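Enquirer: Show me the folded form of this:
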Amino acid sequence: MSQKLERRYSRWYQSVLLHSFTQFFIGVAAVVLLPCLLWWGGQFWQQWDEVRVTTVISNFLCFFVVFVFYKRFHHFPGAQSLFYVIPTIVLVYLLAFAALFFVRAGYSRPVLLLSLGLAVVCFFAGHFVRLRVRRLQLAVVPFGEQPSLRREADVDACTLAEPAFHGRRFDAVIADLRADLPAEWQTFLARCTLAHVPVYHVRQIRERLTGRIKIEHLSENEFGTLLPDPNYAFIKRVTELLLVLATLPLWLPLLLATAVLIRLESPGPALFVQQRVGQGGRLFNMYKLRSMYLASPGSGARFAGANDSRVTRVGRFIRRTRLDEVPQFFNVLKGDMSLIGPRPEQREFVAQFERQIPFYVYRHVVRPGITGWAQVRHGYAASADDTRIKIEHDFYYIKHFSFWLDLLVVYKTLQTMVTGFGAR
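Expert: Residues are numbered from 1 along each chain as shown. This next block holds a predicted model:
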């Protein structure tokens, strides 16, 4: 690759940064300034009283937060839907209204509402343009393991015949960096890096597109990336405790009412207690609302199947809406579980999976969760093969353990509660 091409890609890299800045400033003009022009007129800037200053600052902060969320969410697979963008906008503006109300600050409600509406329009338009126009262009090096990208709707992949782009612009190069690459291809990849064209190992791009980490051949370096951030783990624990306690008046009456319905439909206790394996392999008692008829003695542990005859009518509803998981808030308060994390399994299944699935035990490095990345991406696991796929999702969650991924899981969980995805 010539120095001319390096300079062209360096300019392209700068244009990408410029594009992000342009998006931001266009958004500021449309979401922050335009509502002021529409409500106060073209000379609004000549009179800056407390109401106008507070309103403009609030509009800007709301747009900035939503813009950051939008950019960060797009790093994760399955987060390109407007289902995650629009609720974020509404939630941020609702929090702004609440904050202004509690501090009793003067502001213009019509201008803030106009800003909310224009934010929805702008992000909707940007999302539509991105899906229709801006597809990810990937160049694939034809050696070693090849990525399977045919089913990806927002990706165009082209296998290179020789180490050159021939004037075509690509967003990244995909290569099997463990393959025995010829010298000219090694030089080509080095030139790509110098030209600010990202070079990804084939497993990295698969991970980014599928939200899974292959576990058959984890290296020592990959194990290092799977260590969760202890600082965020502490912040997450404190936040969850405060959140569960603050929402106690909401979920406790719901829990009690559902328990009454369970007792009315079938004999037996409303609460189901089962031993599960938690963080560090420790055993704990997990609480659920009973969704099945009482099992006969000696029936043993087994997966729930589709249309399982053991599930009651009330149980089918609470399993679909995940209301059977509400008692696990007590597990969160006790420290056995987290709101978000790998789903805890029964001891019998854990012993089986440790024999069948490589590195299975590593999923216990974080607290198990009421919901998690594997649950919202894959749904219910009813076999060892399904569990293997869920483990790959769990490893992805541990590697990308962060506030942004947790927030995305929350959104997807709400979507699951509405659609009933993955319920048995």
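
Enquirer: what's the neighbour count on the nearest residue to P182 once chain neighbours are set aside?
Expert: Spatially, and ignoring its direct neighbours in sequence, P182 is nearest to F143 (7.8 Å; Cβ to Cβ, 6 or more residues apart in numbering). (Each C-beta comes from the backbone N, C-alpha and C, glycine too.) Close neighbours of F143, defined as other Cβ atoms under 10 Å, add up to 14.

Enquirer: Verify the stated contact: F143 with L177.
Expert: No - between F143 and L177 there is no contact under Cβ atoms under 8 Å: 9.9 Å.

Enquirer: for the chain, which spans come out with low pLDDT?
Expert: 1-19, 78-83, 130-134, 148-154, 216-226, 295-309, 380-384, 418-424 (pLDDT under 70).

Enquirer: cutoff 50 now
Expert: 1-2, 6, 9, 12, 220-221, 296-298, 422, 424 (pLDDT under 50).

Enquirer: Which stretches in it count as strands?
Expert: Assigned by DSSP state E, the chain shows strands spanning 136-140, 155-159, 172-175, 199-201, 271-277, 283-289, 338-340, 369-371.

Enquirer: Go ahead and measure how far stretch 22-31 is from the middle of the chain.
Expert: Centre-to-centre, stretch 22-31 and its host chain are 26 Å apart (Cα atoms, centre = their mean, to the nearest Å).

Enquirer: who touches it?
Expert: N59, F60, C62, F63, F67, S115, L118, A119, C122, G126 (Cβ atoms under 8 Å, 6 or more residues apart in numbering).

Enquirer: Filter the residues you listed down to the buried ones.
Expert: Among the contacts of stretch 22-31, those buried by neighbour count (16 or more other Cβ atoms under 10 Å) are N59, C62, F63, F67, S115, L118, A119, C122, G126.

Enquirer: In contact with the nearest residue to L34 once chain neighbours are set aside, which residues?
Expert: Residue nearest to L34 in three dimensions, not counting chain neighbours: L118, with 6.2 Å by Cβ to Cβ, 6+ apart. Shown in contact with L118 (Cβ under 8 Å, 6+ apart): A30, V31, L34, P35.

Enquirer: quick one: which of the residues you listed is most hemmed in?
Expert: Most surrounded of those: other Cβ under 10 Å gives V31, at 27 neighbours.

Enquirer: rewinding a little: take the contacts of stretch 22-31 and write them to CSV, including distance to P253.
Expert: Shown next, in CSV, are the contacts of stretch 22-31 (distance: Cβ to Cβ, whole Å):
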residue, distance to P253
N59, 37
F60, 40
C62, 33
F63, 37
F67, 38
S115, 36
L118, 39
A119, 35
C122, 40
G126, 41
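
Enquirer: Looking at those residues, which are in helices?
Expert: Among those, DSSP state H puts N59, F60, C62, F63, F67, S115, L118, A119, C122, G126 in helices.

Enquirer: pretty sure C36 is touching V56, no?
Expert: Yes - contact between C36 and V56 holds when scored by Cβ under 8 Å: they sit 6.5 Å apart.

Enquirer: Around the residue lying closest to P147 once chain neighbours are set aside, how many other residues sit close by?
Expert: Leaving aside its sequence neighbours, P147 sits nearest to V202 (Cβ to Cβ, 6+ apart; 5.0 Å). V202 has 20 neighbours, counted by other Cβ under 10 Å.

Enquirer: who's in contact with V202?
Expert: Listed by Cβ under 8 Å, 6+ apart, the contact partners of V202 are G144, E145, Q146, P147, I174, A175, D176, L177.

Enquirer: Repeat that for P35.
Expert: Applying Cβ under 8 Å, 6+ apart to P35 gives the contacts N59, V111, L112, L114, S115, L118.

Enquirer: The fourth one against L33, yeah?
Expert: Translated: L114. No - if you go by Cβ under 8 Å, L114 and L33 don't touch, sitting 11.1 Å apart.

Enquirer: Mind jotting down where the helices sit in the stretch 1-150 of the chain?
Expert: Assigned by DSSP state H, counting those that start in this stretch, the stretch 1-150 of the chain shows helices spanning 3-27, 34-40, 50-73, 82-102, 109-132.

Enquirer: which strands and helices sit next to the fourth one?
Expert: If you count contacts as 3 or more Cβ pairs under 8 Å, 6 or more residues apart in numbering; DSSP states H and E, helix 82-102 packs onto helix 50-73, helix 109-132, helix 403-419.

Enquirer: Quick one: residues in contact with the shortest one.
Expert: By Cβ under 8 Å, 6+ apart, the list of residues contacting helix 403-419 from outside reads 69, 72-73, 75-76, 78-79, 83-84, 87-88, 232, 236, 321-322, 340, 371-373, 375-377, 397, 421-422.

Enquirer: Mark out where each domain of the chain begins and ends.
Expert: The record's domain split for the chain, according to automatic domain parsing, is 3-132, 136-210, 230-292+305-419.

Enquirer: so can I have TSV of the helices of the stretch 1-150 of the chain showing distance to E162?
Expert: Shown next, in TSV, are the helices of the stretch 1-150 of the chain (distance: least, Cβ to Cβ, whole Å):
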stretch	distance to E162
helix 3-27	14
helix 34-40	50
helix 50-73	35
helix 82-102	41
helix 109-132	31
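
Enquirer: Determine which of those approaches P228 most closely.
Expert: Of all these, helix 50-73 sits nearest to P228, with 18.0 Å by Cβ to Cβ.

Enquirer: centre of the chain versus that closest one, how much separation?
Expert: Worked out by Cα atoms, centre = their mean, helix 50-73 lies 22 Å from the chain centre.

Enquirer: Alpha carbons only: can I get that helix in CSV?
Expert: What follows is helix 50-73 as a C-alpha-only set of coordinates in CSV (Å, rounded to 0.1, in the frame of the first residue of the first chain):
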residue,chain,number,x,y,z
GLU,A,50,-33.2,32.8,34.6
VAL,A,51,-35.9,30.8,32.9
ARG,A,52,-34.2,31.0,29.5
VAL,A,53,-30.8,30.1,30.8
THR,A,54,-32.1,27.1,32.8
THR,A,55,-34.1,25.9,29.9
VAL,A,56,-31.3,26.1,27.4
ILE,A,57,-28.9,24.4,29.8
SER,A,58,-31.4,21.6,30.5
ASN,A,59,-32.0,21.1,26.7
PHE,A,60,-28.3,20.8,26.1
LEU,A,61,-27.6,18.4,29.0
CYS,A,62,-30.5,16.2,27.9
PHE,A,63,-29.3,16.1,24.3
PHE,A,64,-25.7,15.4,25.4
VAL,A,65,-26.7,12.5,27.6
VAL,A,66,-28.8,11.0,24.8
PHE,A,67,-26.1,11.5,22.2
VAL,A,68,-23.5,9.7,24.5
PHE,A,69,-26.0,6.8,25.1
TYR,A,70,-26.7,6.5,21.4
LYS,A,71,-23.0,6.3,20.5
ARG,A,72,-22.2,3.8,23.3
PHE,A,73,-25.1,1.5,22.7
